[in-house]
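**Q** Next one to model:
(2 chains)
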Amino acid sequence: MSTSTTSGTDSDSGTGGGGSAYDARFRVWRGDVEGGDLKDFTVRVNEGEVVLDIIHRLQATQAPDLAVRWNCKAGKCGSCSAEINGRPRLMCMTRMSVFAREDVITVTPLRAFPVVRDLVTDVGFNYTKAREVPAFVPPKDLGPGEYRMMQEDVDRSQEFRKCIECFLCQDTCHVVRDHEENKTAFAGPRFLMRVAELDMHPLDAAADTGLDRKATAQEEHGLGYCNITKCCTEVCPEGIHITDNALIPLKERAVDRKYDPLVWLGNKIRRRPT
Amino acid sequence: MAQVERQQWDVVVVGAGGAGLRAAIEAREQGARTAVICKSLFGKAHTVMAEGGIAASMGNVNSGDNWQVHFRDTLRGGKFLNQWRMAELHAREAPDRVWELETWGALFDRTKDGRISQRNFGGHEYPRLAHVGDRTGLELIRTLQQKIVALQQEDEREFGDHEARLKVFQECTVTRVLKDGERVSGAFCYERESGRFFVVEAPSVVLATGGIGKSFKVTSNSWEYTGDGHALALLAGAPLLNMEFVQFHPTGMVWPPSVKGILVTESVRGDGGVLRNSDGKRFMFDYIPDVFKEKYAESEQEGDRWYEDPDNNRRPPELLPRDEVARAINAEVKAGRGSPHGGVFLDVSTRMPADVIRRRLPSMYHQFKELADVDITAEAMEVGPTCHYVMGGIAVESDTAAARGVPGLFAAGEVAGGMHGSNRLGGNSLSDLLVFGRRAGLYAARYAAESATAPVVDEALVDAAAAEALRPFSAEGPEAGAAPENPYTLHQELQQTMNDLVGIIRREGEMAEALDKLAELRQRARRAGVEGHRQFNPGWHLALDLRNMLLVSECVARAALERTESRGGHTREDHPGMSRDWRRVNLLCALADPTGGLAATDPARGQIALTRVTTDPIRPDLLALFDKEELVKYLAEEELYE
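**A** Numbers count the residues shown, from 1 in each chain, chains lettered A, B, ... in the order given. Modelled structure (predicted):
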């Protein structure tokens, strides 16, 4: 087998479902911190492929230095986040079949984070925020092996622990997407959800150390900035009900201390599975 | 050569999957200043793809379980080739390693009485796998990641610096382990984002880089699995053990082509899924090998009863160890009884209600729905073997995880050899990562503390490593002015070669052909060139990874050619039987090339020299865990009478 370096086809095309292959038009943002623009490509698409396959074919045949972050290619690691036709998505879970053959598909880096190169952004914001959430506090009176928790009591936190840290919710949340200045005060949906996860953990002993997680959500992690538009929930590739199950309950709990008109609004508009 | 930044640490861990993070936590808790170098973002390592669970004989679901039973299952799975002391430590310590995760915030699925739930898996006598749905690896990584953050928060409180004693250098790659005489002195790295070089100086280096699957075309492995740690160890003078044993997981997706190889968790079978051929037959009943005859059900009825009443029935043969199931699927497809896209059918839709499938196998439901338009609650999946795991790896001391022959070098997880023998049981990888990750971190920290003098990193070695890393930018074609080789093309050819010639079923002539092809690719890889600059340049990264994949592939091919028997993850069509005489033989691969891989080497001789070593006899009290009748099937006469 050999790979042509000049055309948009590659060696896999023969196994790719025969007659269903076609040439798609892509516009991919290329550049770095200095600036850049969309570049046009025509590239072969085979049956069953996802956007990440096409980006890889571009690397192998037309743009060997095209920077893209990816890892598992199975929707489990959350590395290949980008914006496809303006919508934050995982490239590995976006099938080409959702587009019409004549569509021009535009792939751009996550807008809320500084560009490093091409489709790769500096997601350091998220790692900074992760460090600001105090860790799980083990109960003092229980040793390893002595933990007893009922499934129904861990269900809620387990839902949040499905998070693959793709940071699409962080990217789409308009609190930071269009307001760089809010980044200092606002942890973003992913890390507010982390606070909720720990707060709902049946054995977290933070309260014994004087840490009130509910209060910190409001006072230190910027929960008040969230006006529950549910954009985060919509883009979550894991289908986690971030707004309904993490953020709104956190707001409800915080309201004991502090009046928050959005909680009142949230109670009016939210749909919560029973 | 330009000045390269140097940093000093006590322990450097290469890799941030389960083994690397567990090693780093341990080293830091022992008081060592610890640096972790990883190719991906922190928290994205290949461990997140592990689905089924962590094997540990906690006995929460069946109180008959204990470490001896786990040890026995592990040796059976590995066909008695395991480094038995590792298998013993692993079985003894796995429960503590799982319970410890709970104290760091992990939330496993629960039993009715609130303990950690445990599920059935291939080759395990009792329900043994602690799990979280089918995303256990994610829970493991996230828990370890969050524990590291917790330690960093401690350092912030104490020193005002999160990274005072534990730092993760994410998206950085190590290209050379550096040495001061015989002992380790540090690692040469580049930062992917900027292309900048730097050196971490340390008396201890822990390799925890995972596996080699990216040398094969159909694989469940992520891009990171380019055999880096295996190659780094070889180049540093440490031998690799039993590299011929490569596990092909029986159930990978086969359709559509772009997802071919993606894993379908063994939990599907553990929870009741069955394998059928195109005739609708549950063919696994025809493939129970002699050594396992007494332990598996003879009829579908018995197998089905086992899920409810395991004490009075035997398990269905769909739950044989992975090597057996993979070979059976391969044989069915070859006999013309495969599915439309060249696999077989794996069905849960007729075995469980739809809501149970969605609850117990959420990722599988999602994966097939999203990527293949298949609703697994309504129809069967098509599956076939996919390159999944390498049992071979760096030869280590069982207790300390120290690499043999290179003081200061340690290895844990998939990159280390021995633990799993010729075939790994599902669930034994995550427990391996934790048990030996901790041990590697512990002994690496001790070794560093005991080092009287800091090792010296020689400027010349740094210059040589930098020159090697920069070579793709000035590569030329075979004649002056000709185009350099495309690294992507070379990689595809390598994957095709290993898939076709050193795959699941092996033949002498094909492996010899593979060695010729590898020699040609090695020559061409020296001319692999890249466009653009050093900032986040995937073509450059791949050009550098090719060295590692070619080295490791040669090890696999040479060892596979040498071992003239079939055992576990090594099946020879021309030597189909398992030989008791080969059981005591370990094959060691060492670097033959005196230039340390810098020069192009003779294609016939290659870069790798093989030696045979005889393993230590299994300790009598461990042998006593097995019946004599069973041991006769595995052990040579003289071993039985020793």
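**Q** what does the stretch 101-250 of chain A put close to chain B?
**A** Residues of the stretch 101-250 of chain A lying near chain B by Cβ under 8 Å from any Cβ of the partner chain: A:116-118, A:120, A:122-123, A:127, A:130-131, A:134-136, A:138, A:144-145, A:147-151, A:154, A:157-158, A:161-165, A:198, A:201, A:204. C-betas here are computed from N, CA, C, even on glycine.
**Q** Show me which of these are buried.
**A** Buried members of those, counted by 16 or more other Cβ atoms under 10 Å in any protein chain shown: A:116-118, A:120, A:123, A:127, A:130, A:134-136, A:138, A:144-145, A:147, A:149, A:154, A:157-158, A:161-165, A:198, A:201, A:204.
**Q** Would you quantify the distance from A:Gly210 to chain B?
**A** 14 Å (Cβ to the nearest Cβ, to the nearest Å).
**Q** Just the closest residue of the stretch 151-274 of chain A to chain B, please.
**A** Minimum separation of the stretch 151-274 of chain A from chain B (Cβ to the nearest Cβ) falls at A:Gln151, amounting to 4.3 Å.
**Q** What does that residue show for phi and psi?
**A** Backbone torsions for A:Gln151, taken as degrees, to the nearest 10, come to phi -50, psi -40.
**Q** Now do it, the pLDDT please.
**A** Per-residue confidence (pLDDT) for A:Gln151: 97.
**Q** Go ahead and flag the most central residue of chain B.
**A** B:Glu414 (3.4 Å; Cα atoms, centre = their mean).
**Q** Other residues contacting the helix or strand hosting A:Arg25?
**A** Per DSSP states H and E, A:Arg25 falls inside strand A:22-32. Strand A:22-32 is contacted from outside by A:8, A:36-45, A:54-55, A:58, A:63, A:66, A:96, A:99, A:101, A:103-109, A:115-119, B:535, using Cβ atoms under 8 Å, 6 or more residues apart in numbering or on different chains.
**Q** got the CA coordinates for that strand in PDB?
**A** Backbone C-alpha positions of strand A:22-32 (Å, rounded to 0.1, in the frame of the first residue of the first chain) are rendered in PDB as follows:
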ATOM      1  CA  TYR A  22     -17.200  11.300  -2.100                       C
ATOM      2  CA  ASP A  23     -15.100  14.400  -1.900                       C
ATOM      3  CA  ALA A  24     -16.100  16.900   0.800                       C
ATOM      4  CA  ARG A  25     -15.200  20.500   1.100                       C
ATOM      5  CA  PHE A  26     -13.700  21.600   4.400                       C
ATOM      6  CA  ARG A  27     -12.600  24.900   5.800                       C
ATOM      7  CA  VAL A  28     -10.100  24.500   8.600                       C
ATOM      8  CA  TRP A  29      -8.700  27.300  10.700                       C
ATOM      9  CA  ARG A  30      -5.000  27.400  10.500                       C
ATOM     10  CA  GLY A  31      -2.800  29.800  12.400                       C
ATOM     11  CA  ASP A  32      -1.400  30.600  15.800                       C
END
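**Q** Could I get the buried residue list for that strand?
**A** Buried-residue list, strand A:22-32, by 16+ other Cβ under 10 Å: A:Ala24, A:Phe26, A:Arg27, A:Val28, A:Trp29, A:Arg30.
**Q** what's downstream of it, the next helix or strand?
**A** Past strand A:22-32, the next helix or strand by DSSP H and E is strand A:35-45.
**Q** Give me the mean pLDDT for that following strand.
**A** On average, strand A:35-45 scores 97.
**Q** How about residues contacting that strand?
**A** With Cβ under 8 Å, 6+ apart, strand A:35-45 has contacts from A:8-10, A:13, A:21-31, A:54, A:57-58, A:61-63, A:96, A:106, A:108, A:115, A:118.
**Q** Adjacent strands (with direction) for it?
**A** With DSSP bridges as the test, strand A:35-45 is paired with strand A:22-32 (antiparallel).
**Q** For the partner strand, what is the distance to the chain centroid?
**A** Offset of strand A:22-32 from its chain centre (Cα atoms, centre = their mean, to the nearest Å): 22 Å.
**Q** Could I get the average pLDDT for that strand?
**A** Mean pLDDT, strand A:22-32: 97.
**Q** Let me see the domain layout of the chain.
**A** Since no chain was named, I'll use chain A. By the record's domain assignment, chain A is partitioned as A:11-120, A:124-269 (automatic domain parsing).
**Q** should've been chain B
**A** For chain B, the domain assignment from automatic domain parsing gives the residue ranges B:249-387, B:474-614.
**Q** Minimum distance to chain A: which of the ones you listed has it?
**A** domain B:249-387 (2.1 Å).
**Q** so for the closest one, what's the average pLDDT?
**A** On average, domain B:249-387 scores 94.
**Q** Straight-line length of that domain, end to end?
**A** Distance across domain B:249-387, first residue to last, is 6 Å (Cα to Cα, to the nearest Å).
**Q** Run a quick neighbour tally on B:Thr111.
**A** B:Thr111 has 16 neighbouring residues, counting by other Cβ atoms under 10 Å in any protein chain shown.
**Q** can you give me the helices for the stretch 151-274 of chain A?
**A** A:151-161, A:168-172, A:174-177, A:189-200, A:213-219, A:231-235, A:248-254, A:261-269 (DSSP state H, counting those that start in this stretch).
**Q** Quick one, which of the ones you listed gets closest to B:Val435.
**A** helix A:151-161 (23.2 Å; Cβ to Cβ).
**Q** just the buried members of the contacts of strand A:22-32?
**A** Those of those that meet the buried threshold are A:8, A:39, A:41, A:43-45, A:54-55, A:58, A:63, A:66, A:96, A:99, A:105, A:107-109, A:115-119, B:535, by 16+ other Cβ under 10 Å.
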